[in-house]
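>>> A predicted structure for the sequence below; I have some questions about it.
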Amino acid sequence: MKTGVCPKCPSRDIHRVPQTAVEVSIAISWSKTANLDYYVCTACGYVELYVEDMALLPSIAEKYPKVN
Ligand SMILES: [Zn+2]
């Protein structure tokens, strides 16, 4: 999706929606959350989420268990 192509259909109608206060985020600590960017395919409706600030990824990796 970040490349502008939908993985579910051949569309290139991908739009980025930055996080607003009412949307979901990932808690890192009581005072810190990772905002999420939404990539929406406006042809089929598929949505992908990405952590907005890549610098927070190590904190998420430390707090949450890895999928095995
Ligand atoms: Zn699509």
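On my side now, so go ahead.
>>> what does the protein have sitting close to the ion?
6, 8, 9, 11, 41, 43, 44, 46 (C-beta under 5 Å from the ion). C-betas here are computed from N, CA, C, even on glycine.
>>> burial of the second one, as a residue count?
Spelled out, that is residue 8. 12 (other C-beta atoms under 10 Å).
>>> how about residue 49, phi and psi?
Backbone torsions for residue 49, taken as degrees, to the nearest 10, come to phi -110, psi 140.
>>> so that it lines up with my notes, have the first residue be 346 from now on.
With 346 as the first residue, the last one maps to residue 394.
>>> so what's the nearest residue in space to it that is not next to it in sequence scoring on pLDDT?
Distances taken as C-beta to C-beta, 6 or more residues apart in numbering place residue 381 nearest to residue 394, at 4.7 Å, with adjacent residues excluded. Residue 381 is assigned 90 on the pLDDT scale.
>>> can you pull the contacts of residue 381?
364, 368, 369, 370, 371, 394, 395, 396, 397 (C-beta atoms under 8 Å, 6 or more residues apart in numbering).
>>> make a ChimeraX selection of the buried ones in the residues you listed.
Selecting only the buried entries of the contacts of residue 381 in ChimeraX, with 16 or more other C-beta atoms under 10 Å as the criterion:
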select :364,371,394,396
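>>> which residue in the contacts of residue 381 has the weakest pLDDT?
The lowest pLDDT within those belongs to residue 368, with 66.
>>> now the helices for the chain?
Taking DSSP state H, the helices of the chain run over residues 402-408.
>>> and the residue nearest to residue 394, how far is that from the ion?
Relative to the ion, residue 381 is positioned 19 Å away (C-beta to the ion, to the nearest Å).
>>> go on, residue 375?
37 Å.
>>> tell me, how many residues neighbour that residue?
Residue 375: 6 neighbours (other C-beta under 10 Å).
>>> one more: residue 386?
20.
>>> let me see the contact set for it.
Residue 386 touches 346, 351, 353, 354, 356, 358, 359, 392, counting by C-beta under 8 Å, 6+ apart.
>>> closest to residue 403 among the residues you listed?
residue 346 (22.9 Å; C-beta to C-beta).
>>> ranges for the strands of this structure?
Assigned by DSSP state E, the strands in the chain fall at 359-362, 371-374, 377-379, 381-386, 392-396.
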